[in-house]
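Novice: turn this into a model:
(chains A and B)
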2 protein chains.
Amino acid sequence: MIEEIEGGITTPQGFKATGVHSGVKYRALDLGMVFSEVPASAFVGYTSNEVKAAPVQVMMKENSPKLSAVVINSGNANALTGRRGIEDVMAMKQAAAAELNIDPSQVGVMSTGLIGRFLDMHKIRYGINRAVRELDIGREADGLFAEAVMTTDTIKKEFSVRVRQDDGTLVYISTTSKGSGMISPHMKVLHGTTLTVVTTDASLSPGFSSKWQEILDNTMNMVSVDGDQSTNDTAILLANGKAGGAFADNDPGFLEALEMVMTKTARTIALDGEGATKLIEVQVTGADTKEDARKAVHKIINSPLVKSAIFGSDPNYGRIMMALGNSGCKFSLDDVRLTIKGGDLEVPILDSGAPVFQEERAVEVVRMAMDNKEVIIAVDLAYGKESATGWGCDLTYDYVRINAEYAS
Amino acid sequence: MIEEIEGGITTPQGFKATGVHSGVKYRALDLGMVFSEVPASAFVGYTSNEVKAAPVQVMMKENSPKLSAVVINSGNANALTGRRGIEDVMAMKQAAAAELNIDPSQVGVMSTGLIGRFLDMHKIRYGINRAVRELDIGREADGLFAEAVMTTDTIKKEFSVRVRQDDGTLVYISTTSKGSGMISPHMKVLHGTTLTVVTTDASLSPGFSSKWQEILDNTMNMVSVDGDQSTNDTAILLANGKAGGAFADNDPGFLEALEMVMTKTARTIALDGEGATKLIEVQVTGADTKEDARKAVHKIINSPLVKSAIFGSDPNYGRIMMALGNSGCKFSLDDVRLTIKGGDLEVPILDSGAPVFQEERAVEVVRMAMDNKEVIIAVDLAYGKESATGWGCDLTYDYVRINAEYAS
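Specialist: Purely as a prediction, here's the structure:
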């Protein structure tokens, strides 16, 4: 039984957090910290963009199996900053480690914000010092941390659940994420950057990293706002084992709960995409391989023509098939079924690769289905047994407006 | 010496053409025909989209080495039309062949327009009959053919040149193309469909098809308006040899002239992209392989973030590097040089992977360079010796408006 609860990053036992104003941004909170009383097993997914921000480079290289703290700054991505950027990350780790009396290798760093500018380390050091002093702030910490991390997102991306493991241990999982809704002039540069921190008091063995990758592949990696992958994307899972109990690596309840919070996070990031008015869910079934199914989902969810058609509730389903045809996924057109769902409507569009109807009137029904806050595009390839689901958003005037505005 | 001349599809010797109103569209010309007095060697590039329109399927299967006529209808793409669509293509070929007294295998067919609707063959047959009767219309034919093919494009895409081969033969090359500016409610569905017909009175051997592919790879295949490849894209080259003279397969002047008209066509299609206000040229040099260079160009030219930044003259060059990093192209960030050119300005942005400047004032110069009708993004990877150039356009409010409007 998975139970959704009110809570935040410090809901699982043994975690503290806070969010402060360091001065990198003019007014808003811009530096968050999460701290675990005991070193937590750390599992991290990074952007696969070849141009990686300095903190991503450092964390990938160190690949620490345990972390006690994570420092997150917003307002400056510390990307395209060369050697000096790397040195600044090391300095952030050292500053936090000294204040927290831990080893620098146990400090994780994430950054988001403008690309191509050096960090003001005077401000960052001040922020770290202040954050450490405020870690004992209590339950208020969740909101401050979320605010420092989420910045200008328009929808809160905090989810907490509790679940009882098979061995009887009650464990908590909380996730706080930022992403996609970065509409302030200074944040929009890194549009699409997602930073996610998941805390849990369950115990996980080092071998869990492959499962974490699998969960990310099913959730965060199936979200696309515009197909542009950021230089800074990072998703970190901290498991400190404070709940006691057996390793949760293979516990069905724990796994389901973790995937559930990550799915909720992924959907919310898509819905909060820049300028988005609708959530688009693409379900591809009957694919030959999982990779094929994912390729098809990604191509459909990223097609500007599909996205703008959904924005206008324009029943241009030919575009969906065009995107499918460009995906590299194996299928036979003669077997494809396409259905569009929205609200209470479920409209079959293509059967055996040919249109179900030819009448203009029937097109109105497709339009009605599309005219909902959440639109589902279901493609059954009837070719194999694999499937994938992904989430995106419509392409709107506001997307263009937000991304065409000046960076400075 | 390549000489640009006024002309159209019938400028090369031995070609006739026309454009008529068949009734598929309400008023506009919607059926074009080009005819060669002698069977012409035909070289055809097709969409690589797995969902291919019926005429593409038929032509790929027949793969006729010689064509005497090409029929092009607009208003209906004959795509997603199953077996009946295939039968309709065969009927079009037979109707034209009977009227022209040639073999059906010598008739090429191209379609563009709405996806998922059956052709009204009564109208199509009428149009073919009428087109054949009007083939002797003379020079007016060029304009009628272009009108029937180009439909709602906002910029004329006709280019003609003459060039003297090494053997002294004077040959003509003319290209007429449609693409990207399909802003009428009925045409926009196949946004991005490009249909291109090139006529020449030069002689080409069957082996020229690999060179045609190479030229397409350098020109049409480097254009992207939104990364969505249509179900109907076709580029056909007809060489009827009426100029006499030796095979032009390896003639430097002929090859340069052919690539020149195709490059002009490609650039014009990009500039006429839906809602476009600017032409973006991306030049990638110093790549390890040609394929790498092309991958990098495509990823940059297709990035919605790059495209909307150029629209707003927003000096967000980090986005260019982000796109490069997502391309799968090999490079070392420490060696990359990025330059943005526009008007008379040439602004170095990144050198050795780090920003050239940090001052806000310098950003104004980037903005000024971007504030031009044509913006060049030059990326030197300094990794290998291969290069590629491609063309796209900015992402604007009008793109969203055009593509969000109702299909019907």
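Novice: make it CA atoms for all contacts and neighbour counts henceforth
Specialist: Will do.
Novice: so residue A:127 lies in a strand, does it not?
Specialist: No: Residue A:127 sits outside any strand when classified using DSSP: H, G, I helix; E, B strand; the rest coil, being helix.
Novice: number of residues surrounding the closest residue to it other than its chain neighbours?
Specialist: Leaving aside its sequence neighbours, residue A:127 sits nearest to residue A:22 (CA to CA, 6 or more residues apart in numbering or on different chains; 4.3 Å). By other CA atoms under 10 Å in any protein chain shown, 27 other residues sit near residue A:22.
Novice: and the helices in the stretch 251-400 of chain A, which stretches?
Specialist: A:252-271, A:290-302, A:304-311, A:318-325, A:360-370, A:397-404 (DSSP state H, counting those that start in this stretch).
Novice: want to throw these into a markdown table with distance to chain B and mean neighbour count?
Specialist: Output for the helices of the stretch 251-400 of chain A, formatted as a markdown table (distance: least, CA to the nearest CA, whole Å; neighbours: other CA atoms under 10 Å in any protein chain shown):
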| stretch | distance to chain B | mean neighbour count |
| --- | --- | --- |
| helix A:252-271 | 16 | 22 |
| helix A:290-302 | 9 | 25 |
| helix A:304-311 | 5 | 28 |
| helix A:318-325 | 4 | 26 |
| helix A:360-370 | 7 | 18 |
| helix A:397-404 | 4 | 22 |
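Novice: adding mean pLDDT, write these out as a markdown table.
Specialist: Compiled in a markdown table, the helices of the stretch 251-400 of chain A are given as follows (pLDDT from 0 to 100):
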| stretch | mean pLDDT |
| --- | --- |
| helix A:252-271 | 93 |
| helix A:290-302 | 93 |
| helix A:304-311 | 85 |
| helix A:318-325 | 88 |
| helix A:360-370 | 81 |
| helix A:397-404 | 76 |
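Novice: want to throw these into CSV with distance to residue A:332?
Specialist: Output for the helices of the stretch 251-400 of chain A, formatted as CSV (distance: least, CA to CA, whole Å):
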stretch, distance to residue A:332
helix A:252-271, 30
helix A:290-302, 13
helix A:304-311, 21
helix A:318-325, 10
helix A:360-370, 24
helix A:397-404, 35
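Novice: please tell me how far residue A:381 sits from chain B.
Specialist: 13 Å (CA to the nearest CA, to the nearest Å).
Novice: looking at the stretch 1-150 of chain A, what residue ends up closest to chain B?
Specialist: Residue nearest to chain B within the stretch 1-150 of chain A: residue A:50 (4.3 Å; CA to the nearest CA).
Novice: so what's the residue count around that residue?
Specialist: 21.
Novice: can you list the domains in chain A?
Specialist: A:2-271, A:279-404 (automatic domain parsing).
Novice: okay, those in TSV with distance to residue B:28 next?
Specialist: TSV is the format used below for the domains of chain A (distance: least, CA to CA, whole Å):
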stretch	distance to residue B:28
domain A:2-271	36
domain A:279-404	21
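Novice: so who does residue A:193 touch?
Specialist: Contacts for residue A:193 were tallied using CA atoms under 8 Å, 6 or more residues apart in numbering or on different chains; they are A:112, A:178, A:179, A:180, A:229, A:230, A:231, A:232, A:233.
Novice: which ones among these lie within strands?
Specialist: Among those, the members found in strands (DSSP state E) are A:112, A:178, A:179.
Novice: before we move on, the earlier item: so can I have JSON lines of the contacts of residue A:193 showing distance to chain B?
Specialist: Below are the contacts of residue A:193 laid out as JSON lines (distance: CA to the nearest CA, whole Å):
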{"residue": "A:112", "distance to chain B": "13"}
{"residue": "A:178", "distance to chain B": "19"}
{"residue": "A:179", "distance to chain B": "15"}
{"residue": "A:180", "distance to chain B": "12"}
{"residue": "A:229", "distance to chain B": "7"}
{"residue": "A:230", "distance to chain B": "6"}
{"residue": "A:231", "distance to chain B": "6"}
{"residue": "A:232", "distance to chain B": "10"}
{"residue": "A:233", "distance to chain B": "12"}
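Novice: can I get those in a markdown table with neighbour count and pLDDT?
Specialist: Converted to a markdown table, the contacts of residue A:193 look like this (neighbours: other CA atoms under 10 Å in any protein chain shown; pLDDT from 0 to 100):
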| residue | neighbour count | pLDDT |
| --- | --- | --- |
| A:112 | 31 | 89 |
| A:178 | 30 | 83 |
| A:179 | 31 | 74 |
| A:180 | 29 | 56 |
| A:229 | 23 | 73 |
| A:230 | 28 | 79 |
| A:231 | 34 | 83 |
| A:232 | 31 | 85 |
| A:233 | 24 | 84 |
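Novice: what's the closest of those residues to residue B:130?
Specialist: Nearest to residue B:130 out of these is residue A:229 (CA to CA; 52.9 Å).
Novice: now do the contacts for that closest one.
Specialist: Residue A:229 neighbours (CA under 8 Å, 6+ apart): A:47, A:48, A:49, A:192, A:193, B:322, B:323, B:326.
Novice: how much space separates it from residue A:304?
Specialist: 16 Å (CA to CA, to the nearest Å).
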